[in-house]
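In: Fold the following.
(one chain, ligands or ions: 1)
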Amino acid sequence: MNLAGIGMTSQRTRERLVGRLLEQGIKHWGVLDVVRSTPRHIFLDEALSHRAYEDVALPIGYNQTISQPYIVAKMTEAVLDNHPALAQGKLGKVLEVGTGCGYQTAIIAALANKVYSVERIKPLLEKARKNIRLLGLHNVQFKHDDGSMGWKEKGPFDAIIAAAAPQYVPPELLEQLADGGRLIIPVGGETSQELRLITRQGDEFHTQVIASVRFVPLFVGALQN
Ligand code: SAH
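Out: From the prediction side, this is the model:
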């Protein structure tokens, strides 16, 4: 894999993807810029890389998927837009639950000072680590663990992004939000889930339903090596 080899074709198809995101209502320029400059094809296996700039979820092995770009953009926009703790357009600390191949990690890492990312499937975590290194991002710390409990020692977080769906919002994630912090999380069963944006104000939590979505389930139990 060779970053220098990202040619005009991938740049052009990325422009098209950004156009599609604009049409679908993504407005945040910071988010659109990062999608424009982040090569999604490096996150995919060779055999699927020609589909990298389609606005679809794709398999990444181990029964998991790379999220659809629109959903990644929507989630990132939701946690960033008018966030009270933004400094120079960036968030402070962000927790990601469910690293997968690291595409969402790369997008949020460009828009935050520090990202903590937890994944329960070790080979995926290693893949993500390699991709993030390849992109020259140095502000991400990974952990092979069950992310449904959050990452208490590193909190509180300005934002928490969950890429896998529990049946109920884990209270640990709410507890690890900073005041004014936001949690974006799909909630529900395997076939239908709602994407919730939960904002902490003191000890109160305000929930907004953003979209109906279909993520892989948030798995609680043994880690996979
Ligand atoms: N945004 C990622 C999406 C990956 S799919 C991407 O674009 O690649 C969701 C990921 O959540 C999967 O890799 C899955 O293994 C992981 N996951 C599921 N339950 C988890 C848990 N309890 N703790 C940590 N990761 C979990």
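In: and residue 209, helix, strand or coil?
Out: Using DSSP: H, G, I helix; E, B strand; the rest coil, the structure places residue 209 in strand.
In: burial count for it?
Out: Residue 209: 10 surrounding residues under other C-beta atoms under 10 Å. The way it works is simple: take the backbone N, C-alpha and C, and place the C-beta from them, glycine included.
In: Run through the bridge partners of it.
Out: residue 196 (DSSP bridges).
In: From what I see, it and residue 188 are in contact.
Out: No: Residue 209 lies out of contact with residue 188 (C-beta atoms under 8 Å); the separation is 10.7 Å.
In: Find the residues that touch each one of those two.
Out: Common neighbours of residue 209 and residue 188, counting by C-beta atoms under 8 Å, 6 or more residues apart in numbering, are residue 194.
In: Verify the stated contact: residue 95 with residue 158.
Out: No: the criterion here is C-beta under 8 Å, and residue 95 misses it with residue 158 at 9.2 Å.
In: Leaving aside the residues adjacent along the chain, what's closest to residue 69?
Out: Nearest residue to residue 69 in three dimensions, chain neighbours excluded: residue 55, at 5.2 Å (C-beta to C-beta, 6 or more residues apart in numbering).
In: Show me which residues of the chain sit near the ligand.
Out: Residues of the chain lying close to the ligand by C-beta under 6 Å from any ligand atom are 60, 64-67, 97-98, 100-101, 103-104, 118-121, 124, 146-148, 163-164, 216, 218-220.
In: can you do 8 Å?
Out: Within the chain, the positions near the ligand by C-beta under 8 Å from any ligand atom are 43, 57, 60, 62, 64-67, 72, 96-105, 118-121, 124, 128, 145-148, 163-164, 215-220, 224.
In: Just give the nearest non-adjacent residue to the most centrally placed residue in the chain, would you?
Out: Residue closest to the average C-alpha location in the chain (C-alpha atoms, centre = their mean): residue 104, at 3.3 Å. In space, and not counting its chain neighbours, residue 104 is closest to residue 72: 5.0 Å by C-beta to C-beta, 6+ apart.
In: Give me the buried subset of the residues of the chain next to the ligand.
Out: Neighbour counting with 16 or more other C-beta atoms under 10 Å marks 43, 57, 60, 64-67, 72, 96-105, 118-121, 124, 128, 146-148, 163-164, 215-216, 218-219 as buried within the residues of the chain next to the ligand.
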